[in-house]
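Asker: what follows is a predicted protein model with its sequence.
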2 protein chains.
Amino acid sequence: MTDTAPRPTLEAVAERAGVSRATVSRVVNGAQGVRDALAERVRRAVEELGYVPNQAARSLVTRRHDAVAVVAAEPETRVFADPYFAQQLRGISKELTAHDSQLVLLLTEGREDHARVGRYLAGGHVDGALVFSLHLDDPLPGLVRGAGLPTVFGGRPGWDEGRDDVVYVDSDNRGGARDAVRHLVGLGRTRVAHITGPLDQTSAADRLAGFHDVRPDADAGLVAGGDFTSGGGERAMRELLDRRPDLDAVFAANDLTAAGALRVLRERGRRVPDDVAVVGFDDMLPVAEETDPPLTTVRQDIEGMGRLMARLLLRGLERDARPGRDAGAPAEAPSGTILPTTLVRRASA
Amino acid sequence: MTDTAPRPTLEAVAERAGVSRATVSRVVNGAQGVRDALAERVRRAVEELGYVPNQAARSLVTRRHDAVAVVAAEPETRVFADPYFAQQLRGISKELTAHDSQLVLLLTEGREDHARVGRYLAGGHVDGALVFSLHLDDPLPGLVRGAGLPTVFGGRPGWDEGRDDVVYVDSDNRGGARDAVRHLVGLGRTRVAHITGPLDQTSAADRLAGFHDVRPDADAGLVAGGDFTSGGGERAMRELLDRRPDLDAVFAANDLTAAGALRVLRERGRRVPDDVAVVGFDDMLPVAEETDPPLTTVRQDIEGMGRLMARLLLRGLERDARPGRDAGAPAEAPSGTILPTTLVRRASA
DNA sequence: GACGGTGGCGAGAGCGCTCTCTCCCGTCCT
DNA sequence: AGGACGGGAGAGAGCGCTCTCGCCACCGTC
């Protein structure tokens, strides 16, 4: 069954409606300057024939694709370790849908894939790219720049700090971390520890920076390295307890880390929050709600980040499409857009 | 910066290499019948010019797109509630990449989106579709059939049971459930309860069926309705304990449900697994590992499902492309492919 | 040495669409 | 009433590629 039926072309519609191809094209693309009577006839013909424009033919001449690539390094990030990326995708998808754009997903597994992605992007299959680049030394951003495609990054890229032609969207990791630590301090805690994430990711580095903003004189013994996993959280928590048995609060770089820390604290007989208060980051569900006790944490609007990324890109594309076709980075928009975070209070702090 | 540079065309390469367009095309597409010397000259020209074929132009004539749509109903399924879908995507992506196909992600939010998706699929933008349709009354499958596109479903579709032109991949929900319940029985438990998932999803229905396979005479009081969430698990567990305080085992339809049940059991002072043994389903990480006690559960190869779906689809496409162009469902492959599950023993049973 | 065969290459015709340019006809102005 | 004007519609030229033909040179055959 199926595609043997040749799909109707513009030509066929034109013939049926008794007009020229140009007129059908005008109607289909919602252009002005077609008398209502004719337009109606065309619309009916389209309906009857079940005509759907051939995107390939259209792209060939317009050079637009109504498609956007989403590029993500798959294994090395937490991208698939939690619903984080999925939620961003959701936001992106909603926004793209609203603009009739398609979402082409490019997942890279490793170095070998980079060439493929570069080729694809350079191949002019998409109008723009949304790139998730969480690592400092990620080659992806370079590739994308090379492809000369309008691009918006997800998460602050670690390289070229000062450049303002780099558009990215991030949540306020540093500010959120400050809020978390201030909350602990506000609780009267004086020996606040921090378990970091992998510091080659800007989100982890920024959270550490936020910690230091509030505790500039923190004993180095109060900072332990984690890796955004609960196993890492356990390890770091043990380390901290050994070094500083007197600690009375922990700010964990994310919820998974906090969950691991919580387990170790219980195992060592510390009561949470009485003896040690714990704050996480992400408000990753269901983990944050189901720890024991439920986790006080910093929530970020992940879906909102996705939406915003897409919106910035699309806006840039629209701008480019219009007058002085000089394309490039979707400027004008604030080059780095930081979304606020909110502290969610549960039982752990 | 950027795309102002006109990308080189076949023509340009041909001119530079001093051959015809046809020859360049042959070389680029790896066809036979070009003498090595010439081919080499062409390759060099391609290299020098940085030529990348224009996919739109190519599709226009070949009617192939080297792209596959992945369609998923986003809100109503657990698709984004856990990393389940993400893992399938990962598997799909790997397989598609290996075949040089792109992944176009179509997320639907509700009814309004169906028309859009239908139009897109019918619009001949992609060579085939992978559809996740977990609900009995999902209109998506109908749409896809209407579009006349080769399609593979993820999860057993609830409708048209007997049809063998429907290709789908699912894990062995029923068999896995049987294993789980048998395990509990093997532990000497005699009053085994089951918390179901939403029964309009085939996976939940199949797991219930598996439960009944092993416990055909189970008291109806031993079955409570859940919804694949931990909240639902809590509610159902309370209900079960009220109705049958003597129960000594619970098979939960998924891990989240089991996590909820575990919490209620603890709250009610039942020891797990001593008083009540608990088995989940999915081996959803990190949840399954981080419950207290860690969860015995049924693992399914989720990424493998994704890979297999993609593989079946691509195989079907290849077949169609060849001789009697009669397209349609990628037949020949077993129409329903069921992947095995394995029981993962942890502390809860 | 003339013949058919074969394999390498080029010419050219589209694929389905958009978009400019031109033509035509109705309207308004004088 | 005649001419200038303008808006609506059609003709036609591509967009960059693939693929079928047909040409030509070169091989082997008798």
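Answerer: Sure, I can see it.
Asker: shouldn't A:Ser171 be in contact with A:Gly336?
Answerer: No. Using Cβ atoms under 8 Å, A:Ser171 is not in contact with A:Gly336, being 11.6 Å away. Bear in mind the C-beta positions are built from the backbone N, C-alpha and C, glycine included.
Asker: quick one, which of the two is more surrounded?
Answerer: Set side by side, A:Ser171 and A:Gly336 give different neighbour counts by other Cβ atoms under 10 Å in any protein chain shown, the larger being at A:Ser171 (25 against 15).
Asker: which residues touch that one?
Answerer: Residues near A:Ser171 by Cβ atoms under 8 Å, 6 or more residues apart in numbering or on different chains: A:300-302, A:305, A:338-341.
Asker: these, buried ones only, as a ChimeraX selection?
Answerer: With 16 or more other Cβ atoms under 10 Å in any protein chain shown as the criterion, this ChimeraX line picks the buried residues out of the contacts of A:Ser171:
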select /A:300,301,302,305,338,341
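Asker: nearest to A:Ala39 among the contacts of A:Ser171?
Answerer: Nearest to A:Ala39 among those is A:Met305, at 41.3 Å by Cβ to Cβ.
Asker: can you pull the contacts of the closest one?
Answerer: So A:Met305 contacts A:88, A:91, A:154, A:169-171, A:339 (Cβ under 8 Å, 6+ apart).
Asker: quick check: pLDDT value at A:Glu48.
Answerer: For A:Glu48, the model assigns a pLDDT of 92.
Asker: the residue nearest to it when sequence neighbours are not counted in helix, strand or coil?
Answerer: Nearest non-adjacent residue to A:Glu48, counting by Cβ to Cβ, 6 or more residues apart in numbering or on different chains: A:Arg16, 7.0 Å away. Applying DSSP: H, G, I helix; E, B strand; the rest coil to A:Arg16 yields a three-state assignment of helix.
Asker: helices of chain A, start to end?
Answerer: Listed in chain order, the helices of chain A (DSSP state H) span A:10-17, A:21-28, A:36-49, A:55-62, A:84-98, A:111-122, A:140-147, A:173-186, A:202-214, A:230-243, A:255-267, A:287-290, A:302-321.
Asker: how about the first one and DNA strand C, any contact?
Answerer: Yes. Applying Cβ under 7 Å from any atom of the strand, one finds that helix A:10-17 is in contact with DNA strand C at A:10-11.
Asker: can you pull the residues of the stretch 151-300 of chain A lying near chain B?
Answerer: Residues of the stretch 151-300 of chain A lying near chain B by Cβ under 8 Å from any Cβ of the partner chain: A:230, A:256, A:259, A:263, A:286-287, A:290, A:292.
Asker: buried residues in the worst-scoring helix or strand of chain A on mean pLDDT, which are they?
Answerer: Least confident helix or strand, chain A: helix A:140-147 with a mean of 78, by mean pLDDT, DSSP states H and E. Buried residues in helix A:140-147, counted by 16+ other Cβ under 10 Å: A:140-141, A:143-145, A:147.
Asker: ok, now stretch A:22-42?
Answerer: A:23-28, A:34, A:38-39, A:41-42.
Asker: stretch A:186-202 too?
Answerer: A:187, A:189, A:191-198, A:201-202.
Asker: what's the closest non-adjacent residue to A:Val298?
Answerer: Distances taken as Cβ to Cβ, 6+ apart place A:Gly176 nearest to A:Val298, at 4.1 Å, with adjacent residues excluded.
Asker: tell me the spacing between the one you found and A:Thr296.
Answerer: Using Cβ to Cβ, to the nearest Å, A:Gly176 is found at 12 Å from A:Thr296.
Asker: before we move on, the earlier item: out of the buried residues of stretch A:186-202, the closest to B:Val279 would be?
Answerer: After measuring the buried residues of stretch A:186-202 against B:Val279 - Cβ to Cβ - the closest member comes out as A:Ile195, at 33.0 Å.
Asker: tell me the bridge partners for that closest one.
Answerer: A:Ala224, A:Ala252 (DSSP bridges).
Asker: so who does it touch?
Answerer: A:223-226, A:232-233, A:236-237, A:240, A:250-253, A:257-258, A:261.
Asker: mind checking how far it is from A:Ala258?
Answerer: In terms of Cβ to Cβ, A:Ile195 sits 8 Å off from A:Ala258.
Asker: distance to DNA strand D and pLDDT added to the contacts of A:Met305, as TSV?
Answerer: Shown next, in TSV, are those (distance: Cβ to the nearest atom of the strand, whole Å; pLDDT from 0 to 100):
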residue	distance to DNA strand D	pLDDT
A:Gln88	33	87
A:Gly91	34	92
A:Gly154	31	90
A:Val169	33	93
A:Asp170	37	93
A:Ser171	41	93
A:Leu339	40	90
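Asker: pull out the buried members of those.
Answerer: A:88, A:91, A:154, A:169-171.
Asker: which among the residues you listed gets closest to A:His135?
Answerer: The closest of the buried ones among the contacts of A:Met305, once distances to A:His135 are taken by Cβ to Cβ, is A:Gly154, at 12.5 Å.
Asker: tally of neighbours for the residue lying closest to the closest one once chain neighbours are set aside?
Answerer: The shortest distance from A:Gly154 to any non-neighbouring residue, by Cβ to Cβ, 6+ apart, is to A:Phe132 (4.3 Å). Residues lying near A:Phe132 (other Cβ under 10 Å) number 21.
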